[in-house]
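> How does the following fold in three dimensions:
(2 chains)
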Protein chains: 2
Amino acid sequence: MPVNRRHFVTGLALAGVAADLRAADPIPAEQEAAHDVTRTLARYVVAAVPADLPEPPRKAATRTFLNWMGCAVGGSRHETVDIAVAALGPFSGPAQATLLGRKERLDILNAALINGIASHIFDYDDTHLRTVIHPAGPVASALLALSEYHPVTGRDFVNALALGVEVECRIGNAVYPSHYDAGWHITGTAGVFGAAAAAGKILGLSEQQMLWALGLAATQPVGLKEMFGTMTKSFHPGRAAQNGLTAALLAAKGFTSSEQSLEAKNGWVRAVSTAHNYAELTEKLGKTYEISLNTYKPFACGVVIHPAIDGCIQLRNQYKLTADQIDRIDLRVHPLVLELTGKKTPQTGLEGKFSVYFAAALAIVQGAAGEKEFSDKLVRDPVIVALRDRVTPAPDTTIGETAVQVTITLKDGRRLEKSVEHAIGSLENPLSDGDLGKKFLDLTTSVFPLTKSRKLLELCWNLENLPRVAEIAKAAAA
Amino acid sequence: MPVNRRHFVTGLALAGVAADLRAADPIPAEQEAAHDVTRTLARYVVAAVPADLPEPPRKAATRTFLNWMGCAVGGSRHETVDIAVAALGPFSGPAQATLLGRKERLDILNAALINGIASHIFDYDDTHLRTVIHPAGPVASALLALSEYHPVTGRDFVNALALGVEVECRIGNAVYPSHYDAGWHITGTAGVFGAAAAAGKILGLSEQQMLWALGLAATQPVGLKEMFGTMTKSFHPGRAAQNGLTAALLAAKGFTSSEQSLEAKNGWVRAVSTAHNYAELTEKLGKTYEISLNTYKPFACGVVIHPAIDGCIQLRNQYKLTADQIDRIDLRVHPLVLELTGKKTPQTGLEGKFSVYFAAALAIVQGAAGEKEFSDKLVRDPVIVALRDRVTPAPDTTIGETAVQVTITLKDGRRLEKSVEHAIGSLENPLSDGDLGKKFLDLTTSVFPLTKSRKLLELCWNLENLPRVAEIAKAAAA
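Numbering: from 1, shown residues only, chains lettered A, B, ... in the order given. Just a heads-up that it's a prediction; the model follows:
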């Protein structure tokens, strides 16, 4: 059995010497250029104060948090959450932090996990479209749990949330799409860094400690795409939150780690991605804000059919349409729509999310397409089913991915047309605060009484002005 | 901002439909062949009973456990462990499980983490040479902690330990070396599976649940090589133990995951490795045992200088040599020895581990090279330093990696020669039970009184016959 070099290298013990050996390797020019990206990120996060953060990203942070809270409360009674609480509750520490929408309180690390799981259950959370990261799951779940242990003001919370999302999405930008194509669920893998940076900011880490926190985050990525379609998908943002928070807590006490965890030869970027663009990590840092690019879904399904739903709801409301008036609905759609949501006769609420036929009919009949509407009951509703069978989508390569051309032919012969260029919820046509609030109430009232939901909504809108953010967590307990 | 297909795919919700979409992809022939490797592994682990396990792997499991225990107790008072306990203790659950060598008791998940960290501190733990996995860290740390919550007999424990090591090392075999070359610390990444399988075995998981446990393990790999030289290296086996145990606990309650987590298109193997050999996962399953290939270091340094130390100790003992008798020591060594351990004038105990000069002199003067000997004090000892400067290693490509040719020239002109083909501790020349026991006492008596160490050693040798393995954990508490 030959001894090999690799084995010897694992035989290296602590500090110093191993670093010496590394330093002896020739450093390629490209790596030299990337030499300090982790440090640059860490330094930025450590130095950034709330007063630096302009109004648009501050507002975006509040909207991000509010949307996340609605999703987490809405998902809190799902079987996935019940199982996770039953499995891990017996090992939880003190009752330090709230499980949103529930009665149990767990230690902050377990609360970060569970709330992160709950927030992703419906796949209705926020989306950074460029990387398909759902930024809030890892970051807000870690931050809110921590805020119940380590008091934090709304102002500091918003700053930390924006910084965590910045780190997470910049790292995503640097490796997308090759990282995602390799099989990783980027929300979990990049999310660990975001959670570590945000929690580390609240804990007041030094630059050195922040580097260690990022190193500890790098070494525990979470999430393979193979898990899509199982409960483990929602586990990813939750575990990312928990791992990032763990990383920050360890670093705060002096647990050492790499200081070049992203760019090093044996670091994160090379391990998880075949291509990368390090400039994305540091260019315009402190001048642009990824959280301002965050979007919020108006409909509880994949974004590819959002334009069709949007167009149908607009015509419905404009002409006060009912199903029985309609002879047929023609949709000119981007080709991806039929490829991904071409189910003609869905049988369950979940399958309904993959049927542009059902979605268009649902939009006409209900005027909404939230989580409540994608139900087994409505999928089998005779009026919707009858209309569904009169929907005819046609792929058209001249139609953009956020666009649709809807033509509704009425039984009286009239033809109603609606052209949507950018569907509601897209970056160009974001959900209004009013619609975001409606979505929030729609989600939370499945769990809380309306008055309690309204009070929680108000607290979320007021996030930045709260003296203690823990107040929101307490208001979100069952 | 274009909608992209990837985004839509992340928009898929739970079960069923996502799997349908996956199934629609054409499956390459190679993937087809690998179709069931995860299931084959899971089925094997679920079905294997203690009576199936032959004596050699049973004996190897006891030796593996004993060596791990010695390392964990020996490392238990290290600063790395102190920091981890201080950072995470406040969030720990009930005092369910022992921290080896310490007074604190934490919940089983945190105990698995901390004991796994402690066991790797000195890099003195067991090694599966083919993959450079340190198998016990993840598996034994999870199992022993679990045994304090869920009663388990020695017989079942040994079986589960062997099965966990089997899964871990077979997965390592399937992706080594490309996985390791990509930057991953294979002990942490493959270790999660081993911990999940072993813990799942004790929990009595069904085949379905075992598949989920392996899926949950796949989605949370731990460890980048970049962390070598920092405390985070020891974090890897500990976190792998904790993640694997978490995976098994969740699966036991019905938390769903992929059933093809290794071989799927977006699964673990493709995400973490550029090459793979699926046959390694299943060939001769139940007929060969990877734990029988486990090795135990006799010296607390990289294996590459073990032959030189072994040869020098043999000559010392044979001729009752003292440093003042020796004119010079010539070593014909494999070229890797000078490349990796060529430090001529080490200044610290840690640097001493990277000096074949010091190691040879240490072997002559002390007759040992355990963790205690690689001290700052001995590195500066005048007698050793003087002899160190009379050591001359010469690289020789005809010398094997586990071999050495030692020539000691005495001041009286005599030349003493020793040729070592396979150093002590190699697979061909394993550490005897007696030497393993000496190593154990050497490590544990830095923490415990000798009588307590001896009692613990006896319990470890008797592992398989214990009615309750938790007894060992209790005996290993401070």
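
> For A:Gly244, identify the helix or strand it belongs to.
helix A:232-252 (DSSP states H and E).

> List the buried residues of the helix or strand following that helix.
Per DSSP H and E, helix A:232-252 leads on to helix A:268-272 as the next helix or strand towards the C-terminus. Buried residues in helix A:268-272, defined by neighbour count with 16 or more other CB atoms under 10 Å in any protein chain shown: A:Trp268, A:Val269, A:Arg270, A:Ala271, A:Val272. (C-beta placed from N, C-alpha, C; glycine too.)

> How about stretch A:164-180?
A:164-177, A:179-180.

> just curious, which of the residues you listed is nearest to A:Thr189?
A:His179 (7.1 Å; CB to CB).

> Nearest spatial neighbour of that closest one, chain-adjacent residues omitted?
Distances taken as CB to CB, 6 or more residues apart in numbering or on different chains place A:Ser273 nearest to A:His179, at 3.9 Å, with adjacent residues excluded.

> residues in contact with A:Met227?
For A:Met227, the contact set (CB atoms under 8 Å, 6 or more residues apart in numbering or on different chains) comprises A:His185, A:Lys233, A:Phe235, A:His236, B:Gly215, B:Thr219, B:Ser257, B:Ser258, B:Ser261.

> From chain B, how far out is the fourth one?
As judged by CB to the nearest CB, to the nearest Å, A:His236 and chain B stand 7 Å apart.

> Contact partners for the residue nearest to that residue when sequence neighbours are not counted?
Leaving out its chain neighbours, the residue that sits closest to A:His236 by CB to CB, 6+ apart is A:Gly188, at 3.3 Å. Contacts for A:Gly188 (CB under 8 Å, 6+ apart) come out as A:Pro138, A:Pro221, A:Val222, A:Gly223, A:His236, A:Pro237, A:Arg239, A:Ala240, B:Thr219.

> sec struct for the third one, please.
In other words, A:Val222. coil (DSSP: H, G, I helix; E, B strand; the rest coil).

> show me what contacts it?
A:His185, A:Gly188, A:Thr189, A:Gly191, A:Val192, A:Phe235, A:His236, A:Arg239, A:Ala240, A:Asn243, B:Thr219, B:Gln220.

> now could you export just the CA positions of the strand or helix carrying the second one as CSV?
For A:Gly188, the enclosing helix or strand under DSSP H and E is helix A:186-202. Extracted C-alpha coordinates of helix A:186-202, given in CSV (Å, rounded to 0.1, in the frame of the first residue of the first chain):
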residue,chain,number,x,y,z
ILE,A,186,-27.1,27.8,-4.9
THR,A,187,-29.5,29.2,-2.2
GLY,A,188,-27.9,26.8,0.3
THR,A,189,-24.3,27.0,-0.9
ALA,A,190,-24.0,30.7,-1.2
GLY,A,191,-26.5,31.2,1.6
VAL,A,192,-24.1,30.0,4.2
PHE,A,193,-21.8,32.9,3.5
GLY,A,194,-24.6,35.4,3.7
ALA,A,195,-25.8,34.0,7.0
ALA,A,196,-22.3,34.0,8.4
ALA,A,197,-21.6,37.6,7.3
ALA,A,198,-24.9,38.9,8.6
ALA,A,199,-24.6,37.2,11.9
GLY,A,200,-21.0,38.1,12.2
LYS,A,201,-21.9,41.8,11.6
ILE,A,202,-24.4,41.7,14.5
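
> immediately after that helix, which helix or strand?
helix A:207-218.

> quick one: that next one to chain centroid distance?
With CA atoms, centre = their mean, to the nearest Å as the basis, helix A:207-218 stands 22 Å off its chain's centre.

> Would you mind measuring from A:Phe91 to A:Gly267?
Using CB to CB, to the nearest Å, A:Phe91 is found at 32 Å from A:Gly267.

> same check, this time on A:Arg105
Taking CB to CB, one finds A:Arg105 at 37 Å from A:Gly267.

> out of the two, which sits in the busier spot?
Applying other CB atoms under 10 Å in any protein chain shown to A:Arg105 and A:Gly267 shows that A:Gly267 carries more neighbours, namely 25 against 18.

> which one is the more buried one nearest to, not counting chain neighbours?
A:Gly267 sits nearest to B:Glu226 (CB to CB, 6+ apart), 4.4 Å away.

> Same question for A:Val222.
Excluding its sequence neighbours, the residue lying closest to A:Val222 (CB to CB, 6+ apart) is A:Gly188, at 3.7 Å.

> quick one: stretch A:302-312 near chain B?
Yes - using CB under 8 Å from any CB of the partner chain, stretch A:302-312 reaches chain B at A:Gly302, A:Val303, A:Val304.

> how far does that stretch sit from the chain's center?
20 Å.

> Same check on stretch A:282-293?
18 Å.

> Only the buried residues of it, if you could.
Quick answer for stretch A:282-293 (16+ other CB under 10 Å): A:Thr282, A:Leu285, A:Tyr289, A:Glu290, A:Ile291, A:Ser292, A:Leu293.

> Could you pull up the mean pLDDT of it?
Stretch A:282-293 shows a mean pLDDT of 97.

> now do stretch A:398-410
In this model, stretch A:398-410 has an average pLDDT of 96.

> buried sites along it?
A:Ile399, A:Gly400, A:Glu401, A:Thr402, A:Ala403, A:Val404, A:Gln405, A:Val406, A:Thr407, A:Ile408.

> now stretch A:252-269
Buried, per 16+ other CB under 10 Å, within stretch A:252-269: A:252-264, A:266-269.

> what's the answer for stretch A:458-478, then?
A:459-461, A:463-464, A:466, A:469-470, A:472-473, A:475-477.

> Report the two of those residues separated the most.
Longest span within these, CB to CB: A:Glu464 and A:Ala477, 21.8 Å.

> returning to that earlier point: among the buried residues of stretch A:282-293, pick out the one closest to chain B, please.
A:Leu293 (7.9 Å; CB to the nearest CB).

> Not counting residues beside it along the chain, what's closest to that closest one?
That would be A:His128: by CB to CB, 6+ apart, it lies 6.0 Å from A:Leu293.

> if I look at A:Asp107, how far off is B:Ala182?
34 Å.

> And the two? Which one has more around it.
A count of neighbours by other CB under 10 Å puts A:Asp107 above the other of A:Asp107 and B:Ala182, at 24 against 18.

> To what extent is the closest residue in space to that one that isn't next to it in sequence buried, counted in neighbours?
Spatially, and ignoring its direct neighbours in sequence, A:Asp107 is nearest to A:Gly93 (3.1 Å; CB to CB, 6+ apart). Neighbours of A:Gly93 under the rule other CB under 10 Å: 22.

> Now do the contacts for A:Gly93.
A:Leu106, A:Asp107, A:Leu109, A:Asn110, B:Pro90, B:Phe91, B:Ser92, B:Gly93, B:Asp107.

> Just read off the phi/psi values of the residue in the stretch 351-478 of chain A that chain B sits nearest to.
Nearest residue of the stretch 351-478 of chain A to chain B: A:Glu401, at 3.9 Å (CB to the nearest CB). Main-chain dihedrals, A:Glu401, degrees, to the nearest 10: phi -70, psi -20.

> can you list the residues of stretch A:302-312 next to chain B in TSV and add pLDDT?
What follows is the residues of stretch A:302-312 next to chain B, written out as TSV (pLDDT from 0 to 100):
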residue	pLDDT
A:Gly302	84
A:Val303	88
A:Val304	91
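
> Relative to chain B, which of those is nearest.
A:Gly302 (3.4 Å).

> Quick check: that closest one touching A:Glu339?
No - between A:Gly302 and A:Glu339 there is no contact under CB atoms under 8 Å: 11.4 Å.

> When those two are compared, which one has more neighbours?
Shown here are A:Gly302 and A:Glu339; by other CB under 10 Å, A:Gly302 has more neighbours (25 against 13).

> mind checking how far that one is from A:Ile326?
Distance from A:Gly302 to A:Ile326, by CB to CB: 25 Å.
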